[in-house]
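Trainee: here is a sequence with its predicted model. Questions after.
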Amino acid sequence: MIEGIKPYPKYKDSGVPWLGQVPERWVLAPLGRYLRVKSGDMIAAEEEAENGFPIYGGNGVRGYTSKYNTEGPIVLLGRVGAKCGCVHFVSGRFWASEHALRVIPQQTMDLGYLARLLETADFNQYAIRTAQPLINSSIVRTLRVAIPSHEEQRLMAKFILSAERKIRRYIAAKRKLIKLLEEEKQAIIHRAMTRGLDPTVRLKPSGVEWVGDIPEHWSARRAKYYMCEVDERSNSGDEELLSVSHKTGVTPRSEKNITMFMAESYAGHKICRAGDIVINTMWGWMAAIGVSSRVGLVSPSYGVYRLVDGNKFLPNFLDLLLRIELYRGEYVRSSRGITSSRLRLYPEYFLNIPVLCPPLEEQKSILQFILNATAQLSSVIDTARHEIEFLDEYRTRLISDVVTGKLDVREAAVDLPDEPDDILPDIDDDALPDEEAEDAEPEEEAV
C-alpha cells in the first residue's frame with residue numbers, strides 16, 4: 001500500500017455505470033463542456049515518405065510525411081478499426097489522419113489527466129457498429145464524466161506518471177529478458193531448421209544466397225514447386241473464423257483477445273483447409289503466416305496456398321520453418337509497397353521464395369529436438385510474459401481508480417518530483433504489430 005492513498009471522504013452517485021460513485025465535489029457534466037473534438041485529415045499515398053513527420057492513425061504511427069496538420073502536446077483518440085478508442089498522447093508536429101480524433105481542451109485541463117481519463121472511459125464500448133467499430137466526435141462530446149479541480153487533475157497526473165514510469169521500467173527489464181531468451185531460442189530453431197541435427201553431415205550450396213549451404217540430401221526449391229494458390233470461397237460464412245499472426249500462426253479467432261466488431265456475414269470469405277498455408281498479405285512481411293490445422297475462414301485479402309504433394313512436409317515443420325528469422329528477411333525483400341506500412345506480400349512473390357525440404361523422418365526428428373531443447377527457455381519466457389500481463393492489468397486498474405476518484409492520491413503526489421508528461425516509452429519494444437492490429441484490414445480500406 002502506497003502511503004497517502006485512501007478513498008475520498010464523501011461520495012455521490014454519478015449515474016454513469018463506468019464511473020459509479022465519485023467524490024462529492026467533482027463536477028458531473030458532458031465531456032464536451034471541457035474540450036473540442038476534431039477529426040484528422042486524409043493524406044494521399046503519394047504524400048507519404050520514408051521519414052519526416054509521423055502520421056498518426058487509429059493504430060498509432062502508420063507512416064511519415066513531409067508536412068504536418070497538428071502540433072502537440074495533444075491527445076489523439078483512434079476512431080476506427082482494431083484500435084478504436086486507443087489513446088495517444090502526442091507531442092511535436094505530426095499528421096493526424098482521418099482515422100484519429102484530435103481532442104483539444106477548451107477549459108483549463110491537465111493534458112496528462114485528460115489522456116488517462118479518455119483511456120479509462122474505453123470509447124470502444126460506445127462505438128457504432130459498422131464493418132469495423134467507429135467512434136465520432138459526438139460520442140466523445142456527449143459522454144458524461146466527473147471532473148475534479150485543475151489542481152487535483154495535476155496531482156493525479158503527477159502520481160500516475162510516477163507510477164507508470166516505475167511499472168514500465170520493470171516491464172522493459174522483463175521484455176529485455178524475453179528478447180534475449182527468444183534470441184537464444186531462435187538460434188536453436190534456426191540451426192536445426194537450416195542445417196539439421198547431424199554436425200558431421202556434408203553440406204552443399206543451396207543455390208540461394210540468403211540461405212547458404214544446406215545438408216547435401218536436402219532440397220531447396222521455389223515455393224511454386226511445392227504449393228499453389230487456391231481461392232475457395234464460403235457460401236454461408238458459417239465456418240470457424242481464423243486469425244493469422246506472426247506470433248502464433250493460424251489459430252481460431254475465438255482464442256484471441258480481439259475487440260473488433262464481427263461482420264454481418266462472412267459469406268464470400270476464403271476457406272482454408274487443414275495443411276493449407278495462409279498468409280496475412282498486409283503483415284506478411286512480418287511473417288504473419290502459418291499452416292492451418294483445421295477448416296476455417298480467413299479474410300478475402302489473405303493468400304491461401306495448398307501443397308501439391310502432401311507427403312513432402314510435416315505441417316508443424318513447415319509452419320515453424322516459414323516463420324524463422326531467415327524467412328522474415330526474405331518476406332520483407334519480396335513485399336511491395338511505398339512505405340513499410342503499405343507493404344504487401346503478393347502470391348507471385350511468395351511463390352518465388354525458395355523453401356528448404358529435408359526428408360520427412362528428419363523433419364520429425366528436428367521438431368522433437370526443438371521441443372526438447374527449447375522447453376526450459378519457453379517456460380521462463382511464459383513466466384515473464386505472465387508477469388508483464390499482471391503489471392499491465394495493475395497499471396490499468398490503478399489509473400482507473402485514480403481518475404474515477406476511487407483513490408485519493410493528492411497527499412501521495414505532493415512530494416513527488418515534477419516530470420514532463422511527455423510520451424512514455426513503449427512498453428512493447430519488439431517493433432512488431434500486436435495480434436489485433438494484424439487482424440484489421442489496412443486503414444485505407446477501413447469503412
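Mentor: Received it, and whenever you're ready, just let me know what you need.
Trainee: from here on, contacts and neighbour counts on C-alpha atoms
Mentor: Will do.
Trainee: for the residue lying closest to residue 142 once chain neighbours are set aside, list each beta-bridge partner.
Mentor: In space, and not counting its chain neighbours, residue 142 is closest to residue 30: 5.1 Å by Cα to Cα, 6 or more residues apart in numbering. Counting by DSSP bridges, residue 30 forms beta bridges with residue 144.
Trainee: just residue 23 next, same as before
Mentor: residue 11.
Trainee: for residue 149, list the residues it contacts.
Mentor: residue 26 (Cα atoms under 8 Å, 6 or more residues apart in numbering).
Trainee: angles on the backbone of it, please.
Mentor: Taking degrees, to the nearest 10, you get phi -70, psi 160 for the backbone angles of residue 149.
Trainee: on contacts alone, who are the packing partners of the helix ranked longest in the chain?
Mentor: As assigned by DSSP state H, the longest helix anywhere in the chain is helix 150-195. Secondary-structure packing of helix 150-195 (3 or more Cα pairs under 8 Å, 6 or more residues apart in numbering; DSSP states H and E): helix 111-121, strand 213-215, helix 325-334, helix 360-373, helix 375-403, helix 410-414.
Trainee: how far off centre is that helix?
Mentor: Here helix 150-195 is found 15 Å from its chain centre; the criterion is Cα atoms, centre = their mean, to the nearest Å.
Trainee: paired strands for the helix or strand that it is followed by, with orientation please.
Mentor: Once the chain leaves helix 150-195, the next helix or strand it forms, by DSSP states H and E, is strand 203-205. Next to strand 203-205 in the sheet, as set by DSSP bridges, lie strand 213-215 (antiparallel).
Trainee: which residues sit in contact with the nearest residue to residue 194 once chain neighbours are set aside?
Mentor: Computed as Cα to Cα, 6+ apart, the closest residue to residue 194 that is not its neighbour in sequence is residue 214, at 6.4 Å. If you count contacts by Cα under 8 Å, 6+ apart, residue 214 has them with 194-195, 203-206.
Trainee: how about a cut-off of 10 Å?
Mentor: Residues near residue 214 by Cα atoms under 10 Å, 6 or more residues apart in numbering: 193-196, 201-207, 220, 356, 358.
Trainee: and the angle for the longest helix of the chain with helix 111-121?
Mentor: Calculated by axes from the mean of the first three to the mean of the last three Cα atoms, to 10 degrees, helix 150-195 forms an angle of 70 degrees with helix 111-121.
Trainee: tell me the angle helix 150-195 makes with helix 360-373.
Mentor: Using the same axes, to 10 degrees, helix 150-195 lies at 140 degrees relative to helix 360-373.
Trainee: the inter-axis angle of helix 150-195 versus helix 325-334?
Mentor: Interaxial angle, helix 150-195 versus helix 325-334 (the same axes, to 10 degrees): 110 degrees.
Trainee: quick one: average pLDDT of helix 150-195?
Mentor: Helix 150-195 carries an average pLDDT of 96.
Trainee: and for stretch 242-256?
Mentor: Mean predicted lDDT for stretch 242-256 stands at 88.
Trainee: buried residues in that stretch?
Mentor: Within stretch 242-256, the residues that qualify as buried are 242-247, 249-253, counting by 16 or more other Cα atoms under 10 Å.
Trainee: now find how far off-centre that stretch is within its chain.
Mentor: That offset, for stretch 242-256, works out to 13 Å (Cα atoms, centre = their mean).
Trainee: so who does the residue nearest to residue 142 touch?
Mentor: Residues near residue 30 by Cα under 10 Å, 6+ apart: 140-147.
Trainee: if we can go back for a sec, highest average neighbour count across the helices and strands packed on helix 150-195?
Mentor: helix 111-121 (a mean of 21; mean count of other Cα atoms under 10 Å).
Trainee: convert the C-alpha atoms of the very next helix or strand once past that one to PDB, please.
Mentor: On the C-terminal side of helix 111-121, the nearest following helix or strand under DSSP H and E is helix 137-142. Extracted in PDB, the C-alpha atoms of helix 137-142 (Å, rounded to 0.1, in the frame of the first residue of the first chain):
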ATOM      1  CA  SER A 137     -16.900  13.400 -32.200                       C
ATOM      2  CA  SER A 138     -20.500  13.400 -30.900                       C
ATOM      3  CA  ILE A 139     -19.800  10.200 -29.000                       C
ATOM      4  CA  VAL A 140     -16.900  11.800 -27.300                       C
ATOM      5  CA  ARG A 141     -18.500  15.100 -26.500                       C
ATOM      6  CA  THR A 142     -21.700  13.700 -25.100                       C
END
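Trainee: show residues contacting helix 137-142.
Mentor: Helix 137-142 is contacted by residues 29-39, 77, 79, 85, 101-103, 118, 121, 123, 126-128 when judged by Cα under 10 Å, 6+ apart.
Trainee: repeat the analysis, applying 6 Å as the threshold.
Mentor: Helix 137-142 has contacts (Cα atoms under 6 Å, 6 or more residues apart in numbering) with 30-32, 37.
Trainee: same thing with stretch 265-280?
Mentor: Taking Cα under 6 Å, 6+ apart as the rule, stretch 265-280 contacts 232-237, 288-300, 302-306, 315.
Trainee: thinking again about what came up before, would you mind measuring from the residue nearest to residue 142 to residue 128?
Mentor: 19 Å (Cα to Cα, to the nearest Å).
Trainee: kindly report the same for residue 207.
Mentor: Distance of residue 207 to residue 128, given as Cα to Cα: 54 Å.
Trainee: with residue 12 instead?
Mentor: Residue 12 sits at a distance of 30 Å from residue 128 (criterion: Cα to Cα).
Trainee: compare the two (neighbour count), which wins?
Mentor: residue 128 (15 against 12; other Cα atoms under 10 Å).
Trainee: for the residue lying closest to that one once chain neighbours are set aside, what are its contacts?
Mentor: Closest residue to residue 128 apart from its sequence neighbours, by Cα to Cα, 6+ apart: residue 134 at 5.1 Å. The neighbours of residue 134, taking Cα under 6 Å, 6+ apart as the test, are 79-80, 127-128.
Trainee: where is pLDDT lowest across those?
Mentor: Ranking the contacts of residue 134 by pLDDT, residue 80 lands last with 85.
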